[in-house]
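Engineer: no sequence on this one, just coordinates:
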C-alpha cells in the first residue's frame, strides 16, 4: 500500500502529506529515543538482518483476487522480533530506501507511508501485548500475532483510503470499501507469513527474539 | 561477521528462488487506483531503479534480482549504521 506522489497531487493530498510528515517525524524521534533506552546490548546484527529480510520479502507479491496482489509489510514481524520502537525505525529504513532508490512510495507521501506501515506496524506490538496479558499460552500468542498482523494491514489501509480519496471522483465512498476489501485479504497473507516466521524463529532460535522478551516483561511498557 | 555474511547469502537465495514466482499483478492500492480511474500525476521522483529493475538489462529475472541484491545490501548496511546511533546502556562491541 505504498502511496505514490502521483496519487496525492491535489490540495487535500499535499496538505495531508505535510501533516503526516510532521506527525511521522515526531513519532520517529520518540521511537529513536525509546529504542535508545530499551536495549541493554547492541542490536546491530538482528536489526540489519531483519530489515534486509523485510526489504527482500516486500519484493515478493502473492496473488489475491481480481487480478491483484499483495505482499508482506512486515511491521508486526519486526515488532515481535525487535520490540515496537526498533521495529518502527527498521521499517522506516526499508521505506526510505524504497522511496529513494526504487520510487516505491512517494517522497511527498513519505510521511503517510511511514505512518501507515512503519508506525502502525510497530505499534501492533501493543495489541499483542494487550491480547496476551492474561495468558502465556503459545497457541494464543500465535493467534494474537496473526490478529495483530491482520489488524495492522487493515488499519494502514483505512488511513490510506482517507489520504488518497480526493484522487477518485467517488472519493471515500470508493476508496474506503475497496481498500478494506483488498487489504482484508492481503492481511490474511500478512498474518499467515508472520505467524510462520515467528513460530519458526521461536523453535529454532528463540534467543534472538528481543521483542518477545519485551512482550513478556509485565512491569515495563 | 560470519553471521552477517551467511544471513545476506540466505536472503539473496530467498530472492533468487521467489522472484520468478512473485505475482506481477498490481497491488491492492494500485488495483484500486486503476479500477476506479484515479486522477494521477507523474511523480516528481522516478528513483534510480524504478520498479525494481534496470532498463539496460533485458533479462527481467537478472534485472530484478540485481535490484533486489543492491536494495537488500543498502538496507543491511544502513541498519548497521542506525544501530550505532542507539548506544546501549552496557555497551559491548
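Structural biologist: Received, thanks. This structure is a prediction, so every number in the text was calculated from the model and none was measured.
Engineer: which secondary structure elements does the longest helix along chain B contact?
Structural biologist: Longest helix in chain B, counting residues (DSSP state H): helix B:60-84. When contacts are defined as 3 or more C-beta pairs under 8 Å, 6 or more residues apart in numbering or on different chains; DSSP states H and E, helix B:60-84 packs onto helix A:44-58, helix A:84-102, helix B:2-18. For every residue, glycine as well, the C-beta is placed using N, CA and C.
Engineer: and it, what's its mean pLDDT?
Structural biologist: Mean pLDDT, helix B:60-84: 93.
Engineer: kindly report the same for stretch A:153-165.
Structural biologist: Average pLDDT, stretch A:153-165: 95.
Engineer: for whichever residue of chain B sits closest to chain A, give its distance to residue A:61.
Structural biologist: Taking C-beta to the nearest C-beta, chain A has its nearest neighbour within chain B at residue B:47, 2.9 Å off. Note on residue B:47: its distance to residue A:61, by C-beta to C-beta, to the nearest Å, is 18 Å.
Engineer: with residue A:67 instead?
Structural biologist: 12 Å.
Engineer: what's the overlap in contacts for those two?
Structural biologist: Residues touching both residue A:67 and residue A:61 by C-beta atoms under 8 Å, 6 or more residues apart in numbering or on different chains: residue B:25.
Engineer: now residue A:135. Nearest residue, chain neighbours left out?
Structural biologist: Leaving aside its chain neighbours, residue A:135 sits nearest to residue A:141 (8.0 Å; criterion: C-beta to C-beta, 6 or more residues apart in numbering or on different chains).
Engineer: list the buried residues of the helix or strand hosting the one you found.
Structural biologist: Assigned by DSSP states H and E, residue A:141 belongs to helix A:138-164. Using 16 or more other C-beta atoms under 10 Å in any protein chain shown as the test for burial, helix A:138-164 gives A:141-164.
Engineer: on that earlier part again, the more surrounded of residue A:67 and residue A:61?
Structural biologist: The residue with more neighbours, out of residue A:67 and residue A:61, is residue A:61; 21 against 12, by other C-beta atoms under 10 Å in any protein chain shown.
Engineer: surely that one is in contact with residue A:72?
Structural biologist: No. Residue A:61 is beyond contact range of residue A:72, at 9.4 Å (criterion: C-beta atoms under 8 Å).
Engineer: need the contact list for the closest residue to residue A:10 other than its chain neighbours.
Structural biologist: Distances taken as C-beta to C-beta, 6+ apart put residue A:166 closest to residue A:10, at 4.8 Å, once the chain neighbours are dropped. Contact analysis of residue A:166 by C-beta under 8 Å, 6+ apart lists A:8, A:10-13.
Engineer: ChimeraX command for the buried members of those residues?
Structural biologist: In ChimeraX, this line selects whichever of those come out buried by 16+ other C-beta under 10 Å:
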select /A:8,13
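Engineer: what is the helix or strand following the helix holding residue A:141 packed up against?
Structural biologist: Moving toward the C-terminus from helix A:138-164, the next helix or strand (DSSP H and E) is helix A:172-204. Where contact means 3+ C-beta pairs under 8 Å, 6+ apart, helix A:172-204 is packed against strand A:69-70, helix A:75-82, helix A:138-164, helix B:28-35.
Engineer: residue of chain A closest to chain B, please.
Structural biologist: Counting by C-beta to the nearest C-beta, chain A gets nearest chain B through residue A:103, at 2.9 Å.
Engineer: for that residue, which non-adjacent residue is closest in space?
Structural biologist: Of all residues not flanking residue A:103 in the chain, residue B:47 sits nearest, at 2.9 Å (C-beta to C-beta, 6+ apart).
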